[in-house]
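[1] sequence unknown, structure follows:
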């Protein structure tokens, strides 16, 4: 595999190199290593797997969590552990804020519109807002594809960081009054950007004429029969939302008010990391990505949500970040370092003490979702979060 190799500088700016080696094994992490997951086979014994996972959750400081494994279009295993909020145990219905795993869902929603011809990966960002043209490179427009690969040159800059520190978020007009660009030419360098992925929501709003969260609900969540949403307001029973490691999302109050100053077509938040969903429901979205792009809706009708072309575009390796040893397609990550001989796609999440993941194998259509409200942030030698690595390995043995 030959990919653009991107060398990170502080804090998340990566310089480009066009000659990439094959994926290296990164240097061992400085943190103390925790015990590896047991390597014995589970042989279909769910009780043994439950016990094995509970031991891992204790080792990695998990407060509350839920896991779901799938094969094809079937959920084949679920398990929950610990406390979701107050004295309320985590269970299969617990909703977690899934942090950056949200980006893969946002990309799925965007590619649905690409299939319909309402968006194009080559769409220029100036169509969202004229200030999104990097003034240092007036002849080099950034595109939707660059947002999805974190190569647009748009970063979490001064304007974005000030905006997200407010109780009521300002419009994109206000955000763009301050600098949000790296010194890089669009398409040249990788810089992981929450702001950039959030802007995909603005592109979706302009293409559909409806708020991003409403589009997600009507096009994906409702047809799949999911109780999921990008605001706490969108969850049927807010008491099923887990309190996070450092904050309780319900303490933020009316989220609709917090976003009320962002006009339609200017959304730059939500899709980057704010999805609330259960492990089982996220697994159903994982099935679409691991499979043929289709699903059975709540009326048992087959819906082709993504074309084969869209799936291949999402899962084509495009950039490589040696700092985290991560290869990326369109807002999905690839790793060959968890299961020997297996290429896993998906995304990890890290926010407010949460360390979660969705990983799936497109060849066997098997996948694992692990969502929690607090866990250790230690990484393995390959830079995968250690708790994600251990949980996926344990469940993969059960899957056979």
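    Perfect, thanks for sending it. Since we're looking at a predicted model, the values are computed, not measured.
[2] Can you pull the phi/psi pair for residue 129?
    phi -160, psi 130 (degrees, to the nearest 10).
[3] For it, list the residues it contacts.
    Neighbouring residues of residue 129 by Cβ atoms under 8 Å, 6 or more residues apart in numbering: 172-173, 176, 202, 266. (C-beta placed from N, C-alpha, C; glycine too.)
[4] Could you rerun that using 10 Å?
    171-173, 175-176, 199, 202, 206, 265-266, 268 (Cβ atoms under 10 Å, 6 or more residues apart in numbering).
[5] cool, and residue 210?
    By Cβ under 10 Å, 6+ apart, the neighbours of residue 210 are 204, 216-219, 264.
[6] Residue 183 too?
    So residue 183 contacts 13, 134, 136-137, 153, 155, 189 (Cβ under 10 Å, 6+ apart).
[7] Kindly confirm my reading that it is in a helix.
    No - under DSSP: H, G, I helix; E, B strand; the rest coil, residue 183 falls outside any helix and is assigned coil.
[8] Report pLDDT for it.
    For residue 183, the pLDDT comes out at 91.
[9] Tell me the buried residues within the contacts of residue 183.
    Neighbour-count burial (16 or more other Cβ atoms under 10 Å) is assigned, among these, to 13, 134, 137, 153, 155, 189.
[10] quick revisit: nearest to residue 395 among the contacts of residue 210?
    Within these, the smallest distance to residue 395 is 27.3 Å, found for residue 216 (Cβ to Cβ).
[11] you'd agree the closest one is in a strand?
    No - according to three-state DSSP, residue 216 belongs to no strand; its state is helix.
[12] For the stretch 1-150 of the chain, give me the ranges with low pLDDT.
    Along the stretch 1-150 of the chain, the parts satisfying pLDDT under 70 run over 1-44.
[13] could you redo the last one with a cut-off of 50?
    In the predicted model of the stretch 1-150 of the chain, residues 1-43 satisfy pLDDT under 50.
[14] JSON lines for the contacts of residue 129, including pLDDT, secondary structure and distance to residue 182?
    Listed next are the contacts of residue 129 as JSON lines, based on pLDDT from 0 to 100; DSSP: H, G, I helix; E, B strand; the rest coil; distance: Cβ to Cβ, whole Å:
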{"residue": "171", "pLDDT": "98", "secondary structure": "coil", "distance to residue 182": "23"}
{"residue": "172", "pLDDT": "98", "secondary structure": "helix", "distance to residue 182": "18"}
{"residue": "173", "pLDDT": "97", "secondary structure": "helix", "distance to residue 182": "21"}
{"residue": "175", "pLDDT": "98", "secondary structure": "helix", "distance to residue 182": "16"}
{"residue": "176", "pLDDT": "97", "secondary structure": "coil", "distance to residue 182": "15"}
{"residue": "199", "pLDDT": "98", "secondary structure": "helix", "distance to residue 182": "15"}
{"residue": "202", "pLDDT": "98", "secondary structure": "helix", "distance to residue 182": "19"}
{"residue": "206", "pLDDT": "98", "secondary structure": "helix", "distance to residue 182": "24"}
{"residue": "265", "pLDDT": "98", "secondary structure": "coil", "distance to residue 182": "25"}
{"residue": "266", "pLDDT": "98", "secondary structure": "coil", "distance to residue 182": "22"}
{"residue": "268", "pLDDT": "98", "secondary structure": "coil", "distance to residue 182": "17"}
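[15] Filter those residues down to the buried ones, ChimeraX style.
    To isolate the buried members of the contacts of residue 129 in ChimeraX, using 16+ other Cβ under 10 Å:
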select :172,175,176,199,202,206,265,266,268
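[16] Identify the bridge partners of residue 348.
    With DSSP bridges as the criterion, residue 348 is bridged to residue 357.
[17] can you pull the contacts of it?
    Applying Cβ under 10 Å, 6+ apart, the residues near residue 348 are 98-101, 324, 326, 333, 335, 355-359, 370, 384-385, 388-389.
[18] Which members of the buried ones among the contacts of residue 183 define the maximum pairwise distance?
    13 and 137, at 15.6 Å, using Cβ to Cβ across the buried ones among the contacts of residue 183.
[19] sorry, back to before: of the contacts of residue 183, which pair is most distant in space?
    Longest span within the contacts of residue 183, Cβ to Cβ: 13 and 137, 15.6 Å.
[20] Go ahead and list the helix or strand containing residue 309.
    helix 308-314 (DSSP states H and E).
[21] Mind listing what's buried along that helix?
    For helix 308-314, by 16+ other Cβ under 10 Å, it's 310-311, 313-314.
[22] Among those residues, which one lies nearest to residue 81?
    residue 314 (31.3 Å).
[23] Now do the contacts for the closest residue to the closest one other than its chain neighbours.
    Distance criterion Cβ to Cβ, 6 or more residues apart in numbering; nearest residue to residue 314, sequence neighbours excluded, is residue 330 at 4.5 Å. Contacts for residue 330 (Cβ under 10 Å, 6+ apart) come out as 103-104, 107-108, 110-111, 114, 121, 144-145, 147-149, 200, 310, 313-316, 318.
[24] Repeat that for residue 245.
    Applying Cβ under 10 Å, 6+ apart, the residues near residue 245 are 61-64, 351-355, 372-375.
[25] For those residues, pick the one with the most neighbours.
    residue 372 (35 neighbours; other Cβ atoms under 10 Å).
[26] pLDDT at it, what is it?
    Value for residue 372, per-residue pLDDT: 98.
[27] Pull up the gap between it and residue 284, please.
    Per Cβ to Cβ, to the nearest Å, residue 372 is found 19 Å from residue 284.
[28] Residue 368 too?
    14 Å.
[29] Comparing these two, which residue is more hemmed in?
    A direct count of neighbours by other Cβ under 10 Å for residue 368 and residue 284 places residue 368 higher, at 30 against 23.
[30] Could you confirm the more buried one falls within a helix?
    No - counting by three-state DSSP, residue 368 falls outside a helix, being strand.
[31] That one contacts residue 346, correct?
    Yes - assessed by Cβ atoms under 10 Å, residue 368 is found in contact with residue 346 at 8.5 Å.
[32] Nothing else from me, thank you.
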